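1. Mind looking at a prediction? Sequence and model below.
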Amino acid sequence: MGSLARQTDRIVDRAAKPASSVEPRLAIPVRDLPAAPDHALRTERLYLRPLTDADREEAISLMVDAGHAVSEFLPLAERGETPEEWFARERMKTDDGLLRGGAVRRGVFLLDKQEADVSNAGPLIGLASLINISRGLQWEADCVAWFGQRFQSRGFGTESLCAVIAHALAPLPDGLGLAAVNAGIVPGNTASEIAAARAGFKRDTGRECHLRVGDRWVKHEFWSATI
């Protein structure tokens, strides 16, 4: 899986009937949602937790590696932004999301099956986040995820999405109590389409959205997972 496009700056062009209700097919076992006090999620192979300053070097290395592969669909850095500045911005948005409840940004770490202590989880293989969390007329969020090149096409994208969707749609207080998780996917981004479908997203063929990809506005397919 390469990436699921950002939903910030979303413009919905057309809206026909609402997306049909789809129960996420959580084929990947998800446990400890959430695993309190560190705001972590865990699956059989992965540990999802907020990035910390200790992750700086590993995150920057992963971002540089992944950026070349996913830039067509999801530029990770802003124009003129250095990898170091990207990490500082990511950390700031992670902390702000925890403080204000507007986002759930998680680094995805590979678990050692022989290691019971999750504090030793590693390496960092990608990021999977819920952003633009809204609790107005619609209780929903947008989803974005990307992974390093050598960790793609191994099912980690689907497994991560299952975890964040389960957390998002689970009732309060254990989950976020949302009714829907949305994503925009560029037509032709087959890896993301496959991962999203396996995680329980459904494409709403009656809706489209335009998202900013670098300096361009690009048409995206509208996908949604609902309770």
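-> The structure has been received and is ready for your questions. Numbers count the residues shown, from 1 in each chain.

2. C-alpha only now, for contacts and for neighbours.
-> OK.

3. Please look at residue 107 and residue 123 and confirm they touch.
-> No: the criterion here is CA atoms under 8 Å, and residue 107 misses it with residue 123 at 10.1 Å.

4. out of the two, which sits in the busier spot?
-> With neighbours defined as other CA atoms under 10 Å, residue 107 and residue 123 compare such that residue 107 has more, 25 against 16.

5. Now do the phi/psi pair for that one.
-> Main-chain dihedrals, residue 107, degrees, to the nearest 10: phi -80, psi 140.

6. cool, and residue 175?
-> Residue torsions, per degrees, to the nearest 10, at residue 175 are phi -110, psi -160.

7. likewise residue 140?
-> Dihedral angles for residue 140 - degrees, to the nearest 10 - are phi -150, psi 170.

8. The one 10 residues further on too?
-> The main-chain torsion angles of residue 150 are listed as degrees, to the nearest 10 and equal phi -80, psi 0.

9. Near it, how many other residues are there?
-> For residue 150, using other CA under 10 Å, the count is 11.

10. And for residue 54?
-> Residue 54: 8 neighbours (other CA under 10 Å).

11. what about it, distance to residue 124?
-> 12 Å (CA to CA, to the nearest Å).

12. tell me which element residue 181 falls in.
-> strand 180-185 (DSSP states H and E).

13. Could you look up the next helix or strand downstream of that strand?
-> helix 190-199.

14. Output that following helix as PDB, restricted to C-alpha atoms.
-> The C-alpha trace of helix 190-199 is given here as PDB (Å, rounded to 0.1, in the frame of the first residue of the first chain):
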ATOM      1  CA  THR A 190      -4.500   0.400  -6.900                       C
ATOM      2  CA  ALA A 191      -2.600  -0.500  -3.700                       C
ATOM      3  CA  SER A 192      -4.600   1.900  -1.600                       C
ATOM      4  CA  GLU A 193      -7.800   0.800  -3.200                       C
ATOM      5  CA  ILE A 194      -7.100  -2.800  -2.300                       C
ATOM      6  CA  ALA A 195      -6.000  -2.000   1.300                       C
ATOM      7  CA  ALA A 196      -9.100   0.200   1.800                       C
ATOM      8  CA  ALA A 197     -11.500  -2.400   0.500                       C
ATOM      9  CA  ARG A 198     -10.000  -5.100   2.600                       C
ATOM     10  CA  ALA A 199     -10.200  -2.900   5.700                       C
END
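
15. Please find the angle between the direction vectors of that helix and strand 180-185.
-> Orientation of helix 190-199 against strand 180-185 (axes from the mean of the first three to the mean of the last three CA atoms, to 10 degrees) gives an angle of 160 degrees.

16. same for helix 190-199, what does it pack against?
-> Judged by 3 or more CA pairs under 8 Å, 6 or more residues apart in numbering; DSSP states H and E, helix 190-199 is in contact with strand 3-4, helix 156-169.
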